[in-house]
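Trainee: Mind looking at a prediction? Sequence and model below.
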Amino acid sequence: MAPQIHLLVAIHGMWGNPDHLAALVREISTIAATDEFELNVLVAETNRSEHTYDGIDHGGERIVVEIDERIKSLEETGAQKVTRISVAGYSLGGLLSRYVIGILHSRKFFEKVKPINFNTFASPHIGLPRYPSLLSSIVSAVGSRLLSRTGEQFYGTDRWSGGKPLLEIMSETNSVFYEALNLFPQLTIYANAVHDTTVPYITAAIDTVDPFVDHEKRGLTVKYNSAYKPLIESYATGQPEEAHPRQRKPLFPPALQDLGFPLNVILIIALPLFLPLIIIIVLIRFSLDSRASRKRIKLLEADKHRASGWLSTMLQDINQEVGDVVADIAGAPDDPDDPEAGTSLCRRIPKDQKAHPILSKSQMRMVANLNTLPNLKRQRAFIHPELNTHGVIICREEKRFESHKVGLGVVRHWRDNFQL
């Protein structure tokens, strides 16, 4: 008798492609089949590159179609049956994962297929927070527009249902998304403790206070997990300077280090001359991709046959009038420029931690709700020194950058704790 199928769905991040998950797939594929279960890995294909602009909801719907097709393909001969499912998402893929399992739960999928492992890596669970700086304010304002529907959802400026942003709806304890998360007995999120300039610790770890802010100045000491470095076993602050020697940060980012001298020096010198041109090109590309995304979204939402069975349509149709009334009474979602938005959080931040992000009231509610998940566990990766650890945590570019191999300890911890 053939073993039952345990389907693992792996989902990449913003602007990503399946190749970004190569290390995850390689490591998890070393898990040997048993007499009872066999692992089958589905790496989501339909949200490549610019299609990640189309929103967490529309992207999640595409992935559910892929899951349906894979299960149909596996079971069409009648020799095998999918009886277990796990989900792993990197960056934006973590939010897509949460939406996907919400759709599956709404369809009673988990009554027939048992949920086992749910994991995210450097995912912005409460959106992208704003920092007390002019640059951060500009990026928040521009990002919500240049990244189309996904940008609006990242920064909580959307009204997805009942006048609330999607990420807040997904965190509410009576939502199908929360209920679906609660069904997974193995629920672990991996977050970069430091140097993740894309998805900061506070949103990846679903926390309200970042204990790693200004870690070098505060004399933070870290004890690594001996088997899975760079994961943290424990940490402490306020230790003597000699207990945590200052590590020298790399002079060049990985790409320039790999070029070698003198080419990397030449490029550094030339960068100020080309930087304005690079910024203009990037902004134009973002604008074009966002415009194309909005056209795709209009076509999707105009397709009545497609729209009839999706949560994004059902909930929005049901709550459209209610949402307008709620918005008129309570106001729009939290304004990131509202000086009161982060008041409750700011009272808890030590005065010496100036680099701490400002959380909106909506984000504070998300943290409070998600932290009631009984099976939720956190693993923190301390990758230092590094200019940006966002891709390192999953060895995203290990073939191009030697430094990305540092993340193997994280990937292998996930593999070794994966329940087949």
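Mentor: Structure's in. What do you need?
Trainee: going forward, measure contacts and count neighbours with C-alpha atoms only.
Mentor: Noted.
Trainee: ok, how many other residues are close to the residue nearest to Leu376 when sequence neighbours are not counted?
Mentor: Leaving aside its chain neighbours, Leu376 sits nearest to Leu187 (5.2 Å; criterion: C-alpha to C-alpha, 6 or more residues apart in numbering). Counted with other C-alpha atoms under 10 Å, residues neighbouring Leu187 total 20.
Trainee: swap in Ala79?
Mentor: Residues near Ala79, counting by other C-alpha under 10 Å: 11.
Trainee: again, but for Ala302
Mentor: 11.
Trainee: residue ranges for the strands of the stretch 151-300 of the chain, please.
Mentor: 186-192, 221-224, 232-236 (DSSP state E, counting those that start in this stretch).
Trainee: for those, which one ends up most surrounded?
Mentor: strand 186-192 (a mean of 24; mean count of other C-alpha atoms under 10 Å).
Trainee: so how far is Glu216 from Ala191?
Mentor: 19 Å (C-alpha to C-alpha, to the nearest Å).
Trainee: what does Phe121 give?
Mentor: In terms of C-alpha to C-alpha, Phe121 sits 24 Å off from Glu216.
Trainee: More neighbours: which of these two?
Mentor: Phe121 (31 against 15).
Trainee: Next, the contact list for the more buried one, please.
Mentor: Phe121 sits next to Ala88, Gly89, Tyr90, Ser91, Gly94, Ile189, Tyr190, Ala191, Ala204, Ile393, Ile394 when contact means C-alpha atoms under 8 Å, 6 or more residues apart in numbering.
Trainee: Quick check: closest non-adjacent residue to the last one.
Mentor: This points to Ile394. Gly407 (5.5 Å).
Trainee: just Gln186 next, same as before
Mentor: Here the residue nearest Gln186, using C-alpha to C-alpha, 6+ apart, is Asn117, at 4.6 Å.
Trainee: So the one you found lies in a strand, does it not?
Mentor: Yes. Using DSSP: H, G, I helix; E, B strand; the rest coil, the assignment for Asn117 is a strand.
Trainee: Just the CA trace of the strand or helix carrying Met364, in CSV.
Mentor: For Met364, the host element (DSSP states H and E) is helix 361-370. Output of helix 361-370 as CSV, limited to C-alpha atoms (Å, rounded to 0.1, in the frame of the first residue of the first chain):
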residue,chain,number,x,y,z
LYS,A,361,-3.3,51.3,17.1
SER,A,362,-4.3,48.7,14.4
GLN,A,363,-0.8,47.1,14.6
MET,A,364,-1.0,46.9,18.4
ARG,A,365,-4.3,45.1,18.1
MET,A,366,-2.8,42.7,15.6
VAL,A,367,0.1,41.9,18.1
ALA,A,368,-2.4,41.4,21.0
ASN,A,369,-4.6,39.0,19.0
LEU,A,370,-1.9,36.9,17.3
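Trainee: Pull the distance from the next helix or strand after that helix to the chain's centre.
Mentor: Note on helix 361-370: by DSSP H and E, the next helix or strand toward the C-terminus is strand 376-381. The chain centre lies 14 Å from the centre of strand 376-381; the measure is C-alpha atoms, centre = their mean, to the nearest Å.
Trainee: Likewise for stretch 188-201?
Mentor: So, by C-alpha atoms, centre = their mean, the centroid of stretch 188-201 is 9 Å from its chain's centroid.
Trainee: returning to that earlier point: please give me every residue in contact with the residue nearest to Ile394.
Mentor: Pro230, Val392, Ile393, Ile394, Cys395.
Trainee: number of nearby residues for the first one?
Mentor: Pro230 has 23 neighbouring residues, counting by other C-alpha under 10 Å.
Trainee: From Arg400, how far off is it?
Mentor: The value you get for Pro230 to Arg400, if C-alpha to C-alpha is used, is 20 Å.
Trainee: so how far is Tyr201 from the most centrally placed residue in the chain?
Mentor: With distances taken as C-alpha atoms, centre = their mean, Ser123 lies nearest the centre of the chain, 2.0 Å away. As judged by C-alpha to C-alpha, Ser123 and Tyr201 stand 9 Å apart.
Trainee: Give the residues shared as contacts by the two.
Mentor: Ala191.
Trainee: hmm, which helix or strand of this protein has the shakiest average pLDDT?
Mentor: Within the chain, no helix or strand scores below helix 343-346, which has a mean of 38 by mean pLDDT, DSSP states H and E.
Trainee: returning to that earlier point: list the contacts of the closest residue to the residue nearest to the centre of the chain other than its chain neighbours.
Mentor: Leaving aside its chain neighbours, Ser123 sits nearest to Ser91 (3.9 Å; criterion: C-alpha to C-alpha, 6+ apart). Contact analysis of Ser91 by C-alpha under 8 Å, 6+ apart lists His12, Gly13, Met14, Thr120, Phe121, Ala122, Ser123, Pro124, Val199.
Trainee: Please repeat the previous calculation with a cut-off of 6 Å.
Mentor: Contacts for Ser91 (C-alpha atoms under 6 Å, 6 or more residues apart in numbering) come out as Gly13, Ala122, Ser123.
Trainee: same deal with Ile297?
Mentor: Counting by C-alpha under 6 Å, 6+ apart, Ile297 has no contacts.
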